[in-house]
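>>> A predicted structure for the sequence below; I have some questions about it.
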Amino acid sequence: AARANRSTLTSASPSQSQRTMHLGLLPLLAAIWLHQTHSTYLFMSATAVMGLALQLNFLSFGVAAMFVASQPTLLRGYRAPRRPRRFHSTYEGVEAVWETVVVRIAEQLAAQGMPDKRDEIYLKLFRVDKAAFEELYGLAAPGIDTQRATNARQPIPARKRMAIFLCWLAHGHKQDQLAFMFAVSQPVVSKILKQCRKAFLEHVVPVWLPTPPTGGMLLDVEAGFHAEAGLPLCVGAVDGTFFHINRPLQWAQSYWCYKRHYGIMVLACCTSQLKFTWVACGDAGSVGDAHVWNTSVFKQHLLAGTFDLPEAAQPRGEALPHLQYPGREAGPRRAAVPPYTRPLHTYMVADSAFALDERVMKCYDAAVGHVQDRFNHAVIRTRRVIENAFGHLKMRWNICFTNHITDPALATDVAYICCALHNFCEERCTEHIGMLGTVHAAVKDMARMAGHSDAARRAGRRTRAIPTPHATEVRDALARYMAGV
């Protein structure tokens, strides 16, 4: 019986081992088949099959694992980095401000013969009318219209993304508020703002915030200021303001300004049409206007004569005013200077925070006589232009004083974009300026005529704006020229 049992087991063992060997080849064949199909989840699928084969045959599992590890293509789908998320995160079936107010109601008003009502909706939301909105989209489209539809869903329209960005600039809303208004998620709003900011810096700012005018273009700028207040050879009004930010994470104290908030400096020069010709943003709020001006490249170009009028130019057919210097005698520590006469150069108009220079004119501290009074009145009217420009800038784009930005670099980019959009709106949307109001700075100008800046007046001391040599003679020559003396 024992021999019979042993013979039975011996005869049965080959067939059982053959069945086990055949079952052990299954994971190897499955791995080869997965390799041929180029599936994305090859490694995960092969691992699952070999885990099942572990219960069948450990040796076959090891052979299949070695085969999978030796094939780089099997691990390609597993090691590939995650693709960037597309702008598809929207609430399906939910209509928000863009779908209801802008697309439906505004277009219905235009179809009913009331395009002004449609433009009013665009102005309240985005600070530009319909035509200006489409023009801006045409400029920024190469950097915004980059998403394509997939089999899963349609992307967020590029115009809606630009509308979210303009609404953020116009009102300074938080990201969760924008997400609720436009029915998108907050992370998508963050990505949209970053994408549109980059697109506007690359495609809009170079067009609407170009380099300062030179050559023949200066004649138009000079003619505008002469018609505004009667100042000859004036090619710009320069002043500074603050772009409000929250407390930065680093060097917060340096961004604290005398107006009791954190901010960055925005120094700008504009024309008589309230358009910025030069802007410098990014300096800490604790520094003054004069420091930013003295360290700017624009001042170096101005002193070098880059923005002088052409030599043969005679604005309005008049002879340019000349400086008649009487000369001076030699002293113990100075050389003699003979009398001479030379034409005056172009200059900027600024407030008392700046030092009097041949290229920077400001009011007399204490005007004496009709000549100086008339010159002060002309300077005040000219300086009011830059104050009104800052007023229009902040009334249009509330993000300049109402925002939740803590990064000064981000605030600098946003400030440049707002200045470029200000120039765009001053040329394209001037007929709607009544909706924003006008900021008149006559009271502020008269308060600064005494030679005190705001910060110095608060501290109770006079500013140390030392005039450069021949600066007073140039100012006197301009005053006499305007008075006809």
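Received the coordinates, thanks.
>>> Where do the strands of the protein begin and end?
Ranges of strands in the chain, per DSSP state E, are 234-244, 263-270, 276-284, 322-325, 340-343, 347-349, 360-361.
>>> rank the ones you listed by pLDDT, which is bottom?
Of all the strands of the chain, mean pLDDT reaches its minimum on strand 322-325 (a mean of 64).
>>> Same list, the strands of the chain, but as a markdown table with mean neighbour count and distance to Val474 please.
For glycine as for every other residue, the C-beta is placed from the backbone atoms N, C-alpha and C. A markdown table is the format used below for these (neighbours: other Cβ atoms under 10 Å; distance: least, Cβ to Cβ, whole Å):
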| stretch | mean neighbour count | distance to Val474 |
| --- | --- | --- |
| strand 234-244 | 24 | 13 |
| strand 263-270 | 24 | 19 |
| strand 276-284 | 21 | 22 |
| strand 322-325 | 15 | 6 |
| strand 340-343 | 10 | 10 |
| strand 347-349 | 25 | 8 |
| strand 360-361 | 23 | 8 |
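>>> how about the ones you listed in TSV, adding distance to Lys130?
Listed next are those as TSV, based on distance: least, Cβ to Cβ, whole Å:
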stretch	distance to Lys130
strand 234-244	29
strand 263-270	27
strand 276-284	25
strand 322-325	52
strand 340-343	49
strand 347-349	37
strand 360-361	42
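>>> I'd like to know which of those lies nearest to Thr382.
Ranking these by proximity to Thr382 (Cβ to Cβ) places strand 347-349 first, at 4.6 Å.
>>> The strands of the chain: which one's closest to Asn388?
Here strand 263-270 is closest among the strands of the chain (Cβ to Cβ), at 8.9 Å.
>>> Which residue is the nearest non-sequential neighbour of Glu107?
Arg118 (7.1 Å; Cβ to Cβ, 6 or more residues apart in numbering).
>>> dump the residue contacts of that neighbour.
Taking Cβ atoms under 8 Å, 6 or more residues apart in numbering, we find Arg118 in contact with 106-107, 109-110, 130.
>>> Now tabulate those residues in CSV and tack on pLDDT, neighbour count and distance to Met482.
Output for those, formatted as CSV (pLDDT from 0 to 100; neighbours: other Cβ atoms under 10 Å; distance: Cβ to Cβ, whole Å):
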residue, pLDDT, neighbour count, distance to Met482
Ala106, 86, 21, 51
Glu107, 85, 12, 54
Leu109, 87, 17, 51
Ala110, 85, 16, 51
Lys130, 91, 18, 45
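>>> quick one: Phe165 and Lys194 touch, right?
No. Phe165 lies out of contact with Lys194 (Cβ atoms under 8 Å); the separation is 9.7 Å.
>>> who's more crowded, the two?
For the pair Phe165 and Lys194, the greater number of neighbours falls to Phe165 (23 against 12), based on other Cβ atoms under 10 Å.
>>> how many other residues sit next to the closest residue to the more buried one other than its chain neighbours?
Nearest non-adjacent residue to Phe165, counting by Cβ to Cβ, 6+ apart: Cys196, 3.7 Å away. Neighbours of Cys196 under the rule other Cβ under 10 Å: 24.
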